[in-house]
Structures are given as structure tokens and as C-alpha cells.
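> Give the three-dimensional model of this entry:
(one chain, ligands or ions: 2)
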Amino acid sequence: MTAKKKPKVYITRKLPDAVETRMRELFDAELNIDDAPRSVPELVAAVRTADVLVPTVTDRIDAALIDEAGPQMKLIASFSNGTDHIDVEAAARKGITVTNTPNVLTEDTADMTMALILAVPRRLGEGARILTDKPGEWAGWSPTWMLGRRIHGKRIGIVGMGRIGTAVARRAKAFGLSIHYHNRKRVNPAVEDELEATYWESLDQMLARVDIVSINCPSTPATFHLISARRLALLQPTAYLVNTARGDVVDETQLIKCLREGKIAGAGLDVFENEPAVNPKLVKLANEGKVVLLPHMSSATIEGRIDMGDKVIINIRTFIDGHRPPNRVLPGR
Ligand SMILES: NC(=O)C1=CN([C@@H]2O[C@H](COP(=O)(O)OP(=O)(O)OC[C@H]3O[C@@H](n4cnc5c(N)ncnc54)[C@H](O)[C@@H]3O)[C@@H](O)[C@H]2O)C=CC1
Ligand SMILES: O=CC(=O)O
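Ligands and ions are numbered 1, 2, ... in the order given. Below is the predicted model of the structure:
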């Protein structure tokens, strides 16, 4: 009896050691030890020979690349929750299954969203920088110095009440915010009751009434620049916007304009339209204390990355064994 041939799995970025070790045991794994992002020619070579591709959010798996895939390539098992970097329709046309790693990032991403919701109105970044960047300049406590805005009692409007949006709502409720949300469809009544949440079918109406907006929907053709110049203009001048979803859900140029003109009070951003490039105007606004910027790190915990690796491995093994993988991403979702 001959041993079953291990599937050839091409992994585009460095993964936690424990995940790589397990992948080496189970698969004919090609790892990326130095973590340098793979070039398009390298990805083309990979899809021509590998059975499974494991990309991350930094890889562009578009129709042109998928078109290059050889007949052996049957699975794209993304090491990510979001799948906007993959042309899922093109993969389906080519008979390639796509999977992702949902749920295991939910709480970590919601924690960081809450951190930004607190950090921007309460001027956390600014305050911390005073002590580290200008040592000796702090003259001591003063009743009128470093005043931010109260969180408790305000209204949060969540755009995209899925896994992460709901986890953000739970945290926000614990901080005394009232919960408002806009979603493609209304959530389970039990969840609405638990959160005492108000559903807004009209995004425009919700935006005009809330104090903090949290973006938690995926990047799709329907959500591209969902927060447009017109919608930003609906926000109150005292409102804050937090985006931990994807940069292109918000029209970043228009957001910068609003912040510079004082049309909204501030923003907390973990994601950017052209990341890893960050618009220098946003950096200037951060130095002025109007925004807090993070380098796409909302899901970045050791535990989360290991859990993501486990999910990728389960998806690959299930698929290779001839079953439907648990985290299949369907076209049009
Ligand atoms: N910054 C980070 O490190 C991370 C960012 N993310 C981002 O967060 C996104 C959300 O993740 P999950 O909550 O797990 O996804 P999910 O699928 O559970 O929730 C997304 C929600 O957005 C809603 N939605 C979709 N299109 C909409 C539209 N046009 N208008 C209103 N609502 C719409 C969906 O109905 C769903 O309820 C991911 O797609 C990803 O882009 C996810 C993990 C980490
Ligand atoms: O942004 C990260 C993801 O996994 O999606």
C-alpha cells in the first residue's frame, strides 16, 4: 500500500511557529520564513504548481492570478477573516473553493475597536505622547487641561452588525453607550433585546443621530465609499468615526477634509484605503490630536493568530478529505 501524497500547500506569509510546525507535519508546505510579501510572479508560479494557496490580506488574489492557476489548484484557504483581497467569483468560475477564518478574531477586533472608541474622545494618544515625546513639559494636573468628551450616555451607531459589530455593541453597552445599528437585515430579536439596540433601516438617518460611528461591515462593491462625502456631512460636528473594517468603506479623502474643516470631531482608524501607505494628512491630523491611527492590528493577538492557523488547517484537511470545509466563502456574500 502506498502512502497518500501530501497536498502541496503554498503559504504566502510567515505564520506562528506552532502553526508552521503543524503545517509541515501535515502538508508538503512551502513556508515564507523571512515574511517578505510575495511578488505577483512568485504567486503566479505558486498557483501553477500548488494544490492549496494560503494567502493573507496583503496578497491580491485577483481574476488575472486565478486565471493562471493550474488544474491541480482547488483551494484558496485564506489566513484572514475578510476576503475582499480575493476574487471569490473568479475562483468559483475556475472551480476553486475559498475559505476564511471567521469567529476567532471577533473578540480581539472588538476589543481594539472599543480601545479606539475610548482613545479618540478621551485624547489617549495625545496624553501619552506628552509624557514620552516632550519629557518635563507636563506642569501637573490642571482643571481645564486635556479635556476630552464623555463616553458614558452617548449613542453609538454600528454599521454592519455581524460578528464583530455585535461584539463591539456588547462592549459599548457596558460602557454606558446606547446602541444603534444599521445592517443589511435586522438581527435576531433576542440580540436586539439583550443590547437594547435600535435598528435603523436608513443609514442616513442613523448617522445624523449618533455620537460615535463604528464601521464593521466588509469591503464589497456595495460598501465601497459607503461613508461618502454626503454621508459624512450628515454627522454632527461633535461626532467621532472609528473604522476597524476596511479602509475603502470610508471615502478617506473626504474624511480628511471633514476632519480638517472641523465638520466632525475626530476619528480612530486601524485600516486605510491604500495601506500600508498612510496619507500624510492623516499623520498630521494625528499629531494635532484629531485622529488615532493604528497599523491594521485589531486582530493581532498571539492567541488569535494560532486560532486562525488552526482554522486554516481544518479547512484544508476537511477539503482534502473530500468534505465541505467549515468556513467556505460563497460568491456574492
Ligand atoms: N482590522 C482588523 O484587523 C480586522 C478587520 N476585519 C474586518 O471586519 C469585517 C467584518 O467582520 P465580521 O463581523 O466577522 O463579518 P460578518 O460577516 O459577521 O459581519 C458583517 C456584517 O456587515 C453586514 N453588511 C454587509 N454589507 C452591508 C451593507 N452594504 N450595509 C450594511 N451592512 C452590511 C452584514 O450583513 C453582516 O451583518 C471583515 O469583513 C473584515 O473586513 C475583520 C477582522 C480583523
Ligand atoms: O483584517 C484582517 C482580517 O483577517 O480580515
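
> With adjacent residues omitted, what lies nearest to the residue of the stretch 51-200 of the chain found nearest ligand 1?
Closest contact between the stretch 51-200 of the chain and ligand 1, by C-beta to the nearest ligand atom, is at residue 162 (1.7 Å). In short, each C-beta sits where N, CA and C put it, glycine included. Nearest non-adjacent residue to residue 162, counting by C-beta to C-beta, 6 or more residues apart in numbering: residue 216, 6.7 Å away.

> Can you list phi and psi of the one you found for me?
Per-residue torsions, residue 216: phi -140, psi 30 (degrees, to the nearest 10).

> Give me the below-cutoff pLDDT ranges for the stretch 1-150 of the chain.
1-3 (pLDDT under 70).

> neighbours around the closest residue to residue 11 other than its chain neighbours, how many?
Among residues not flanking residue 11 along the chain, residue 54 sits closest, at 4.3 Å (C-beta to C-beta, 6+ apart). Neighbour count for residue 54, taken as other C-beta atoms under 10 Å: 32.

> residue contacts, the residue nearest to residue 162?
113, 158, 159, 160, 161, 162, 164, 165, 168, 244, 245 (C-beta atoms under 8 Å, 6 or more residues apart in numbering).

> can you tell me how far it sits from residue 123?
24 Å (C-beta to C-beta, to the nearest Å).

> Run a quick neighbour tally on residue 311.
Neighbours of residue 311 (other C-beta under 10 Å): 24.

> scratch that, residue 204
When neighbours are counted by other C-beta under 10 Å, residue 204 comes out with 11.

> wait, is it part of a helix?
Yes - judged by DSSP: H, G, I helix; E, B strand; the rest coil, residue 204 forms part of a helix.

> and the closest residue to it other than its chain neighbours, what element?
Taking C-beta to C-beta, 6+ apart, and ignoring the residues beside it in sequence, residue 204 has residue 234 as its nearest neighbour in space, at 5.7 Å. Residue 234 is part of no helix or strand when elements are defined by DSSP states H and E.

> next one: phi and psi at residue 234?
phi -80, psi -20.

> who's in contact with it?
Residue 234 neighbours (C-beta under 8 Å, 6+ apart): 204, 207, 208.

> thinking the last one is in contact with residue 236, fair?
Yes - in this structure residue 208 lies within contact range of residue 236 using C-beta atoms under 8 Å: 7.4 Å.

> Helices of the stretch 101-250 of the chain, residue ranges please.
Ranges of helices in the stretch 101-250 of the chain, per DSSP state H, counting those that start in this stretch, are 106-119, 124-133, 163-174, 189-195, 203-209, 229-232.

> about what we covered before: of the contacts of residue 234, closest to residue 137?
residue 207 (38.2 Å; C-beta to C-beta).

> Could you count how many residues lie near the closest one?
24.

> likewise the one 5 residues further on?
Look at residue 212: counted by other C-beta under 10 Å, it has 26 neighbours.

> Kindly report the same for the one 10 residues further on.
Under the neighbour criterion other C-beta under 10 Å, residue 222 is assigned a count of 9.

> Let me know the distance separating it from ligand 2.
18 Å (C-beta to the nearest ligand atom, to the nearest Å).

> just to revisit the earlier point, can you redo the contacts of residue 234 as CSV with distance to residue 292 and pLDDT?
Formatted as CSV, these follow (distance: C-beta to C-beta, whole Å; pLDDT from 0 to 100):
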residue, distance to residue 292, pLDDT
204, 26, 98
207, 21, 98
208, 24, 98
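
> ok, of those residues, which one's closest to ligand 2?
residue 207 (23.7 Å).

> if you skip the residues just before and after it, what's nearest to that closest one?
Closest to residue 207 by C-beta to C-beta, 6+ apart is residue 234, at 4.5 Å.

> any idea how far the one you found is from residue 246?
21 Å.

> For the contacts of residue 216, which two are the farthest from each other?
Longest span within these, C-beta to C-beta: 161 and 244, 14.2 Å.

> which parts of the chain sit against ligand 1?
For the chain, the residues in contact with ligand 1 (C-beta under 6 Å from any ligand atom) are 81-82, 102, 105-106, 109, 160-165, 182-184, 216-220, 222-223, 244-246, 270-271, 296, 298-299.
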